[in-house]
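Asks: Using only what follows, build the 3D model:
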Amino acid sequence: MGPINEAHVEQPGLAVAEIAACDDQTALAVQELLAAQWATATADRTTRDPGQPGVRLRCYLDVRQELTP
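Replies: Prediction:
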């Protein structure tokens, strides 16, 4: 994965979540859990790093909004 863009973390409440999982389905499920709680710029696919186990996924969160029960 490339470096995190400064614009994605320039204000309090903005976050970048990097997910590592054994497979695509697990990584995308974790992303869905995050997206159910906060405004999330989601990824539509995972990446694989040569020589590293599993898959990776990066999504961008805005946690400034209130959580709803």
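
Asks: got the contact list for the closest residue to residue 48 other than its chain neighbours?
Replies: Excluding the flanking residues, the one nearest residue 48 by C-beta to C-beta, 6 or more residues apart in numbering is residue 55, at 5.6 Å. Placement of C-beta: from N, CA and C, glycine included. Residues in contact with residue 55 (C-beta atoms under 8 Å, 6 or more residues apart in numbering) are 20, 21, 22, 23, 24, 27, 46, 47, 48.

Asks: want to throw the residues you listed into TSV with distance to residue 37?
Replies: Output for the contacts of residue 55, formatted as TSV (distance: C-beta to C-beta, whole Å):
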residue	distance to residue 37
20	20
21	18
22	23
23	23
24	21
27	17
46	21
47	24
48	27
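
Asks: all helices of this protein, in order?
Replies: Taking DSSP state H as the test, the helices found in the chain are 24-35.

Asks: what about residue 55, distance to residue 20?
Replies: Distance, residue 55 to residue 20, using C-beta to C-beta, to the nearest Å: 7 Å.

Asks: For the lowest-mean-pLDDT helix or strand in the chain, give me every contacting residue.
Replies: Ranked by mean pLDDT, DSSP states H and E, the weakest helix or strand in the chain is strand 39-41, scoring a mean of 86. Contacts with strand 39-41, where a contact means C-beta under 8 Å, 6+ apart, come from 31, 34, 59, 60, 61, 62, 65.
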